[in-house]
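J.: Sequence and predicted model, in that order:
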Amino acid sequence: MLVNLYEDIVRRRSVDVIQQLGACGCEECVDDVCALALNRLPSKYVSTRGGEVFSQFYINTPQGEAELTTALILAVKTVSDNPRHGYKR
Ligand SMILES: [Zn+2]
């Protein structure tokens, strides 16, 4: 089975970044933030057996961490400027 390593970590981190930036944390906005951030990041597909090793090796490096945070902040700003929930409120 193939897994994109970023998918899980982006899901978890998106909530933190949304809170830090005071953005909307509704389900639609979180989904949009995750989609944008994941599109911005390089895909890191691995077979599940090798996944943990690789995530420790790359995502936990300062560079991987910086890429992840930057992608999330940009995604949150983009979604905040154009929230899809807007028409409901
Ligand atoms: Zn929202």
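T.: Structure received.
J.: what packs against the helix or strand residue 28 falls within?
T.: If you go by DSSP states H and E, residue 28 is part of helix 27-40. Packed against helix 27-40 by the contact rule (3 or more Cβ pairs under 8 Å, 6 or more residues apart in numbering; DSSP states H and E) you find helix 5-20, helix 62-81. Yep, even glycine has a C-beta here, placed from its N, CA and C like the rest.
J.: Does residue 68 touch residue 9 like I think?
T.: Yes. At 6.7 Å, residue 68 and residue 9 qualify as touching, with contact defined as Cβ atoms under 8 Å.
J.: pLDDT weak spots in this structure?
T.: For the chain, applying pLDDT under 70 flags the ranges 49-59, 86-89.
J.: centroid residue for it?
T.: Nearest to the mean C-alpha position of the chain, by Cα atoms, centre = their mean, lies residue 10 at 3.0 Å.
J.: In contact with that one, which residues?
T.: 34, 37, 38, 41, 68, 71, 72 (Cβ atoms under 8 Å, 6 or more residues apart in numbering).
J.: top of those by neighbour count?
T.: Counting neighbours by other Cβ atoms under 10 Å, residue 37 leads these with 28 neighbours.
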